[in-house]
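**Student:** From the sequence below, what's the structure:
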Amino acid sequence: MKDDCLFCKIIAGEIPSTKVYEDETVYAFRDINPQAPVHILVVPKEHVCCARAIDETNSQLVAKCFEAIAKIAKAEGLDNGYRVINNCGEDGGQTVMHLHFHLLGGLKLSEKMV
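**Tutor:** Modelled structure (predicted):
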């Protein structure tokens, strides 16, 4: 856990969240500013700052996140599809420097929304 990380504090229960999934590696919760009817943040419990910090020592965390995403999407009824987004770094729109994936769905998403 990184002391100044918002998501580490959410994972630790220091900041409330609406949890939708948790296992030994992954924590997922509803975004407080949803961009779609279903907007869930999926984060590894281990602190990794961003996608550019993924390497052979932690890449299994990404696989675990995507395994969780498939389970969450099924539980949320996203049978017609969904979008997974990762923002990396300030120029990529990342506002919390803890690796995370946005799971968006619940409506037909615009093709312009990347």
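**Student:** Okay, and the beta partners of the residue nearest the centre of the chain?
**Tutor:** With distances taken as Cα atoms, centre = their mean, the residue of the chain nearest its centroid is residue 42 (2.4 Å). Beta bridges link residue 42 to residue 28, residue 101, judged by DSSP bridges.
**Student:** surely it meets residue 98?
**Tutor:** No: using Cβ atoms under 8 Å, residue 42 makes no contact with residue 98, being 11.4 Å away. All C-beta spots, glycine's among them, are computed from the backbone N, C-alpha and C.
**Student:** Residue 65: what's it in contact with?
**Tutor:** With contacts defined as Cβ atoms under 8 Å, 6 or more residues apart in numbering, residue 65 is in contact with 26, 42, 43, 44, 101.
**Student:** and it, what element?
**Tutor:** Per DSSP states H and E: residue 65 is located in helix 59-75.
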